[in-house]
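> Provided below for reference: sequence and predicted model.
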Amino acid sequence: MDIKNTLTLLGVIATFFVGIWNLKLAKGNRFTSSINVERLKWINNIREVFSQFNKNCHMYADAVLGMQYNNGAQVTEEDIKRAEHIFYEILYYLDLIKLYTNPTELLSHKLYLAMKEMKSELSDESFNKDRFEDIKDNIHYYQQVILKAEWKRMKKEARLGRELGEEEMKEIFISTSSDIDNERYFKFLKEGFENQNSE
């Protein structure tokens, strides 16, 4: 076989392997693209649900405070019914968030505990505005970390062309939670993430 035929044969073999490689890349890109489309829908949906939960908590707190400090004005049946309706909305969104999130993930678990604490505070007869504000700030922190971490995950998976593993995702959660609020990260999450390492 002369050199020309050898080079042609090598060119055909190289083209074959490049074609196989491109097919694998395209398959991986299609996979991550379809996953990322679903993740983007989830991010938008959960952001809206978070927003509705937060809004209803705020409205209910205003209603409770209005009834506590009504300056002697009579609390009407309509006031009570409106407050009850808002509280049922809070319960609805609390359940919806629980269904949207993964209870085995530390952040989702912490968020759910904070939301339950919020529900208890709102239904407590001795409702305290300062406690409400503290719980609200913690809930907002967990919500922000979840949303921003999922966004980072989406970008990284698109860049790598594959789904991230648990350890990679945990690194994203840790960096995101400490970047957003380092003090809250050390207070509420650091120990939990370290315990995951030892399990």
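Cool, the structure landed.
> Please count neighbours and contacts with C-alpha atoms only from this point.
Will do.
> Ile135 is in contact with Lys116, isn't it?
No - using Cα atoms under 8 Å, Ile135 is not in contact with Lys116, being 9.9 Å away.
> Neighbour count: these two, which is higher?
Comparing Ile135 with Lys116 by other Cα atoms under 10 Å, the one with more neighbours is Ile135, at 18 against 15.
> what sits against the more buried one?
114, 117-118 (Cα atoms under 8 Å, 6 or more residues apart in numbering).
> In what element of secondary structure is Gln74 found?
Gln74 belongs to no helix or strand when elements are defined using DSSP states H and E.
> Report the separation between it and Ala83.
15 Å (Cα to Cα, to the nearest Å).
> just so I have it, where are all the strands in the chain?
Assigned strands in the chain: none (criterion: DSSP state E).
> Next one, pLDDT for the most centrally placed residue in it please.
Closest to where the C-alpha atoms of the chain average out (Cα atoms, centre = their mean) is Ile146, at 2.8 Å. At Ile146, the pLDDT value in this model is 96.
> Who are the contact partners of it?
107-108, 173.
> at 6 Å instead, please
Residues in contact with Ile146 (Cα atoms under 6 Å, 6 or more residues apart in numbering): none are found.
> Count the residues that sit near the closest residue in space to Tyr142 that isn't next to it in sequence.
Distance criterion Cα to Cα, 6 or more residues apart in numbering; nearest residue to Tyr142, sequence neighbours excluded, is Leu111 at 5.7 Å. Counted with other Cα under 10 Å, the neighbours of Leu111 add up to 22.
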